[in-house]
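Participant: Below are the sequence and a predicted model for it; my questions follow.
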Amino acid sequence: MTRFIRWYGANPLHLLALICAFAVAGYAALRLFAQQPIGVAVWLVGAAVAHDLILFPLYAIADRSARSVLRRRAGNLGTLPWINYLRVPTVLSGLLLIAWFPLILGLVPGFEGATALSPDGYLGRWLAITAVLYGGAAVAFALALRRARRIGGG
Amino acid sequence: MTSVFGLVLLVGVSVMFVTGLASYAAYNPDLGNDTTPDKGLLGFYLFDWPTHPAWLYRLTQGVHVTLGVVLIPVLLAKLWSVIPKLFDWPPVRSPAQALERLSLLLLVGGAIFEFVTGMLNIQLFYVFPGSFYTLHFYGAWVFIAAFAAHVALKLGRMTRSLRSRRIRDELRTDLAHTRPEPADRDGLVTPAPAPPTISRRGALGLVGAGSLLLFVVTAGQSIGGWARYTALLAPRNRNPGDGPGGFQINKTAASVGITAADVGDAWRLVLRGDGLELTLTRAHLLQLPQHESRLPIACVEGWSTENQHWSGIRLAHLADLAGLPGAANVLVESVQRTGSFRSAVLRDNQIRDPRSLLALRVNGADLSLDHGYPARVIVPANPGVNNTKWVGGLTFRA
């Protein structure tokens, strides 16, 4: 037992759980890959790669650069966590875009033909929500700033 | 943080898996309406989909889709919180870790694959490689296998970690008092943390706000009524028109190639049963006993309509006419010539429900062309595409 654990690196139950998972996943994967194996492989692995190596670095870099670029201009803001007034509307608006980008960007050719509903207006509505989110954040920031100055000055 | 997101996903993904399996069963795949005929053992759980309550499919599929949309921020936050593990060095320390990392590729790839194919399908953006049903169903099994193993391996860790902090205390802790996590066995916590820029309650609140916002701009398409207009970004956020036929249309007649000639004076309903074949005009059908029922349309895409007021001939009565009052099932065929779902098989419980109709009229007027004129099927709790439109043939079978 101890020899197994030393060689394998974990409890035998760990191995059992994973073998079970691979068996079920393999059974389903044979069927998943039956029609268009290359396309499915690209989508499945591409999903993980697109998130881990593109989307995640993108928003990590955006956050870092926003903080480093704006820090210099934020000298007189004291300890106010100003970055969060930028982060919150950006994250919320971004989430809406990630979820509904085909409609927002008008990428669905047959939408109106199939549903008898106009595909227009999604971009406008998303921009309007985005404007409200940034506007709300700006107002909240201004109020927080005033409060902080009053406390600081008083 | 990871454990809180993990717990939400554990509950949420379980509900999505169950409602997803239910949706597959609702199609009656064992009768031939099977988009994944090679499923083998993966259909082990199939059961006869009930017709009560009439809003059952509205509920299960509305929950499946809306919950999926709402979980997007939680999934992204969970992945964000564990991303340091991706850059573990050395990448492989033991066979156990190598296998686990392989299962994590299936877990993460499978999760994103399921969310992406689902989100694209409900927006009618068919860019994925193959049939949505095949990809989403088999993909779900790949994902759930990896998910179950992940839960089995991490449940203890999650529980311990959830117990290590009191949520009430965390919700009272502001940024100034936020301290980094103590070092953990998994190496998720950075050894040299930068000063915090957001409190834990702030991060949780942001994810929660994202979910709430997505709920607000989405759920109305499944709730209907005035709430439909609040679903600002959902595909079915307004009705296509006013009047009796002004409710949601899955696919218009034009989009599936139905022409005026297909449904004009030459249209006939061919009724087949126990060795007999009847050819009926719409005038014939209107002379048969008409019944009314109030039933919704509910789509696999998650949207649904409120109850519509249908009238037509009971399927049970048509089974009698076909000489098979105890029919085991009925093959319903549309005059539609191309495309998927132009025929469907209904089970005996669906035939015999007194609310199941071959509808000729809706909301006090003849069916509109887009809603299946001259005749369409409407069955309680049936997935929308199995309520066949432009019906040209009914074959009852013992």
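Facilitator: Right, received. Where do you want to start?
Participant: Any part of the one helix or strand in chain A whose mean pLDDT sits lowest near chain B?
Facilitator: Every helix and strand of chain A was ranked by mean pLDDT, DSSP states H and E. The lowest is helix A:56-71, at a mean of 87. Yes - judged by Cβ under 8 Å from any Cβ of the partner chain, helix A:56-71 comes into contact with chain B at A:56, A:67. In this view, the C-beta of every residue, glycine as well, is placed from N, C-alpha and C.
Participant: Give me the helices and strands touching that helix, please.
Facilitator: helix A:83-104 (3 or more Cβ pairs under 8 Å, 6 or more residues apart in numbering or on different chains; DSSP states H and E).
Participant: Same question for the helix it packs on: list its buried residues.
Facilitator: For helix A:83-104, a neighbour-count test (16 or more other Cβ atoms under 10 Å in any protein chain shown) marks A:83-96, A:98-104 as buried.
Participant: Then stretch B:308-327?
Facilitator: Neighbour count says stretch B:308-327 has B:308, B:310-319, B:321-324, B:327 buried, by 16+ other Cβ under 10 Å.
Participant: again with stretch B:292-305
Facilitator: In stretch B:292-305, counting by 16+ other Cβ under 10 Å, buried: B:293, B:295-305.
Participant: For these, give me JSON lines that also has secondary structure, distance to chain A and pLDDT.
Facilitator: Listed next are the buried residues of stretch B:292-305 as JSON lines, based on DSSP: H, G, I helix; E, B strand; the rest coil; distance: Cβ to the nearest Cβ, whole Å; pLDDT from 0 to 100:
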{"residue": "B:293", "secondary structure": "strand", "distance to chain A": "24", "pLDDT": "97"}
{"residue": "B:295", "secondary structure": "strand", "distance to chain A": "20", "pLDDT": "98"}
{"residue": "B:296", "secondary structure": "coil", "distance to chain A": "17", "pLDDT": "98"}
{"residue": "B:297", "secondary structure": "coil", "distance to chain A": "13", "pLDDT": "97"}
{"residue": "B:298", "secondary structure": "strand", "distance to chain A": "15", "pLDDT": "97"}
{"residue": "B:299", "secondary structure": "coil", "distance to chain A": "10", "pLDDT": "97"}
{"residue": "B:300", "secondary structure": "coil", "distance to chain A": "14", "pLDDT": "97"}
{"residue": "B:301", "secondary structure": "coil", "distance to chain A": "10", "pLDDT": "97"}
{"residue": "B:302", "secondary structure": "coil", "distance to chain A": "13", "pLDDT": "97"}
{"residue": "B:303", "secondary structure": "coil", "distance to chain A": "10", "pLDDT": "98"}
{"residue": "B:304", "secondary structure": "strand", "distance to chain A": "14", "pLDDT": "97"}
{"residue": "B:305", "secondary structure": "coil", "distance to chain A": "13", "pLDDT": "97"}
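Participant: which of the residues you listed lies closest to residue B:251?
Facilitator: Within these, the smallest distance to residue B:251 is 10.2 Å, found for residue B:299 (Cβ to Cβ).
Participant: hey, where'd the helices end up in chain A?
Facilitator: Assignment of helices within chain A using DSSP state H yields the ranges A:2-8, A:12-32, A:37-49, A:56-71, A:83-104, A:111-115, A:122-153.
Participant: Show me the buried residues of stretch B:308-327 that map onto strands.
Facilitator: Counting by DSSP state E, the part of the buried residues of stretch B:308-327 found in strands is B:308, B:310-314.
Participant: right, and the helix or strand after the helix or strand of chain B with the lowest mean pLDDT?
Facilitator: One helix or strand of chain B scores below all others by mean pLDDT, DSSP H and E: helix B:167-172, with a mean of 87. Scanning forward in sequence from helix B:167-172 by DSSP states H and E, the next helix or strand is helix B:200-216.
Participant: got the contact list for the residue in the stretch 251-398 of chain B that chain A sits nearest to?
Facilitator: Using Cβ to the nearest Cβ, the single residue of the stretch 251-398 of chain B nearest to chain A is residue B:255, 4.6 Å away. Listed by Cβ atoms under 8 Å, 6 or more residues apart in numbering or on different chains, the contact set of residue B:255 reads A:110, A:113-114.
Participant: Residue B:292 touches residue B:308, doesn't it?
Facilitator: No - taking contacts as Cβ atoms under 8 Å, residue B:292 lies outside contact range of residue B:308: 10.7 Å.
Participant: Centroid-nearest residue for chain A?
Facilitator: The centroid of chain A falls nearest to residue A:95 when counting by Cα atoms, centre = their mean (6.3 Å).
Participant: if I look at that one, how far off is chain B?
Facilitator: Look at residue A:95 and chain B: by Cβ to the nearest Cβ, to the nearest Å, they are 5 Å apart.
Participant: any idea of the pLDDT on that residue?
Facilitator: In this prediction, residue A:95 carries a pLDDT score of 97.
Participant: got it, and the one 4 residues further on?
Facilitator: Predicted confidence (pLDDT) at residue A:99: the value is 97.
Participant: Helices of chain B, start to end?
Facilitator: B:2-26, B:56-82, B:95-122, B:132-163, B:167-172, B:200-216, B:220-223, B:282-287, B:315-321, B:348-352.
Participant: for whatever residue of the stretch 201-350 of chain B ends up closest to chain A, phi and psi?
Facilitator: The stretch 201-350 of chain B approaches chain A most closely through residue B:240 (3.9 Å), counting by Cβ to the nearest Cβ. Backbone torsions of residue B:240, given as degrees, to the nearest 10, read phi -70, psi -10.
Participant: Go ahead and confirm it touches residue B:246.
Facilitator: Yes - here residue B:240 lies in contact with residue B:246, judged by Cβ under 8 Å, at a distance of 6.5 Å.
Participant: check contacts around residue B:389.
Facilitator: B:334, B:336, B:371-372, B:376-377.
Participant: if we go to 10 Å?
Facilitator: Residue B:389 is in contact with B:249-251, B:253, B:256, B:258, B:263, B:332, B:334-336, B:341-342, B:359, B:367, B:369-373, B:375-378, counting by Cβ atoms under 10 Å, 6 or more residues apart in numbering or on different chains.
Participant: Check residue B:226 too.
Facilitator: Applying Cβ under 10 Å, 6+ apart, we find residue B:226 in contact with residue B:220.
Participant: I'd like the distance between it and residue B:239.
Facilitator: Note on residue B:226: its distance to residue B:239, by Cβ to Cβ, to the nearest Å, is 11 Å.
Participant: Contacts only, for residue B:395.
Facilitator: So residue B:395 contacts B:270-273, B:277, B:322, B:324, B:327, B:329-333, B:343, B:345 (Cβ under 10 Å, 6+ apart).
Participant: what's the nearest residue to residue B:306 if we skip its chain neighbours?
Facilitator: Nearest non-adjacent residue to residue B:306, counting by Cβ to Cβ, 6 or more residues apart in numbering or on different chains: residue B:224, 4.4 Å away.
Participant: Mind pulling up the pLDDT for residue 129?
Facilitator: No chain was given, so I picked chain A. So, for residue A:129, pLDDT stands at 98.
Participant: you looked at the wrong chain, it should be chain B
Facilitator: For residue B:129, the predicted pLDDT is 94.
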